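In: Fold the stuff below for me.
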Amino acid sequence: MSTNKNNGQPIMEDIHAFLEKTLIDAYLKGKGYTLKDLQKMPEEEAKQLMKEASTYASGKLAEVELKAHLMQVLHDAYAQE
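Out: From the prediction side, this is the model:
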């Protein structure tokens, strides 16, 4: 992961990409495959699995982002009290 020169923290895009890849790997593992396995498959089958894995990852990322947003809303609400 690259880091931000200002504070040494990972850049958000890198974290997002890392999480997306991890979710795709998890989906494929749940189906009994790895990314390397897809390279050996017929192209259409590999594309279909990647489409499914990407859809799964997108849904999970949206869920994480929603939870983070709700946590921020709750934090802000209690901080104003």
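In: Could I get the buried residue list for stretch 48-63?
Out: Judged by neighbour count (16 or more other CB atoms under 10 Å), stretch 48-63 contains these buried residues: 49, 53, 56-57, 60. In short, each C-beta sits where N, CA and C put it, glycine included.
In: So which of the residues you listed sit within helices?
Out: Cross-referencing the buried residues of stretch 48-63 against helices under DSSP state H gives 49, 53, 56-57, 60.
In: Now the residue nearest the centre of the chain: closest residue in space that isn't a chain neighbour?
Out: For the chain, Glu20 is the residue whose C-alpha lies nearest the centre (CA atoms, centre = their mean; 2.3 Å). Distances taken as CB to CB, 6 or more residues apart in numbering put Ala57 closest to Glu20, at 5.0 Å, once the chain neighbours are dropped.
In: picking that back up, what's the farthest-apart pair in the buried residues of stretch 48-63?
Out: Largest separation among the buried residues of stretch 48-63 by CB to CB: Leu49 and Lys60, giving 16.4 Å.
In: Dump the buried residues of stretch 48-63 to JSON lines, plus pLDDT and distance to Ala26.
Out: Below are those laid out as JSON lines (pLDDT from 0 to 100; distance: CB to CB, whole Å):
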{"residue": "Leu49", "pLDDT": "97", "distance to Ala26": "13"}
{"residue": "Ala53", "pLDDT": "98", "distance to Ala26": "9"}
{"residue": "Tyr56", "pLDDT": "97", "distance to Ala26": "8"}
{"residue": "Ala57", "pLDDT": "97", "distance to Ala26": "8"}
{"residue": "Lys60", "pLDDT": "95", "distance to Ala26": "9"}
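In: got JSON lines for the residues you listed, with distance to Ala79 too?
Out: Shown next, in JSON lines, are the buried residues of stretch 48-63 (distance: CB to CB, whole Å):
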{"residue": "Leu49", "distance to Ala79": "44"}
{"residue": "Ala53", "distance to Ala79": "38"}
{"residue": "Tyr56", "distance to Ala79": "35"}
{"residue": "Ala57", "distance to Ala79": "32"}
{"residue": "Lys60", "distance to Ala79": "28"}
